[in-house]
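>>> here is my input, please return the structure:
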Amino acid sequence: MIHVIVRHKVADYGKWKQAFDSHLNRRMAGGETGCRVFHSVDDPREVTVFSDWDNVDHARRFMESDDLRAAMKNAGVVGDPEIAYLQDAALVRRTAAD
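Predicted coordinates:
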C-alpha cells in the first residue's frame, strides 16, 4: 500500500477542513482509499494529512494536479506543502501481552 503525508499551514482550520471534506469524491476518484487528518497540539493551523492510495502513480498524479493546487489555495493553505510518498516496510501491532 502507498501512503502520502502532506504537511502544511492553513489560515483557518475550520475553512480548510470544510474544503478538504468537500474534495472527498475527487480524492477517491484519484485513487485515495482512506485518510487521517492531524493538527499540531501547539498550533491547530499546522495540518498533517496521512492518506492511503491504491498506487504511487495515482497518488503522484493527484498530488501534482492543478485541481489540487487550486483547491488548496481556495482552502487557505499558506505556503508550499511538504509531501512525502511512503510504502509499507513493516507492521507491528501491540497488545497487552507485549
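>>> longest strand anywhere in this protein?
strand 77-87 (DSSP state E).
>>> avg pLDDT for it?
Strand 77-87 shows a mean pLDDT of 97.
>>> also stretch 17-37?
Across stretch 17-37, the per-residue pLDDT values average to 97.
>>> list the buried ones in that stretch?
Buried residues in stretch 17-37, counted by 16 or more other CB atoms under 10 Å: 19-20, 23, 27, 30-32, 35. Bear in mind the C-beta positions are built from the backbone N, C-alpha and C, glycine included.
>>> next, the contact list for the residue lying closest to L86 once chain neighbours are set aside, please.
For L86, ignoring the flanking residues on the chain, the nearest one in space by CB to CB, 6 or more residues apart in numbering is H3 at 4.5 Å. H3 makes contact with 50-53, 85-88, according to CB atoms under 8 Å, 6 or more residues apart in numbering.
>>> now the host helix or strand of F62 - C-alpha only, PDB.
Using DSSP states H and E, F62 falls within helix 56-63. Extracted as PDB, the C-alpha positions of helix 56-63 are listed here (Å, rounded to 0.1, in the frame of the first residue of the first chain):
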ATOM      1  CA  VAL A  56       2.000   5.500  -6.300                       C
ATOM      2  CA  ASP A  57       1.300   6.700  -9.900                       C
ATOM      3  CA  HIS A  58      -2.300   7.700  -8.900                       C
ATOM      4  CA  ALA A  59      -1.000   9.400  -5.700                       C
ATOM      5  CA  ARG A  60       1.600  11.400  -7.600                       C
ATOM      6  CA  ARG A  61      -0.800  12.400 -10.400                       C
ATOM      7  CA  PHE A  62      -3.300  13.700  -7.800                       C
ATOM      8  CA  MET A  63      -0.800  15.500  -5.600                       C
END
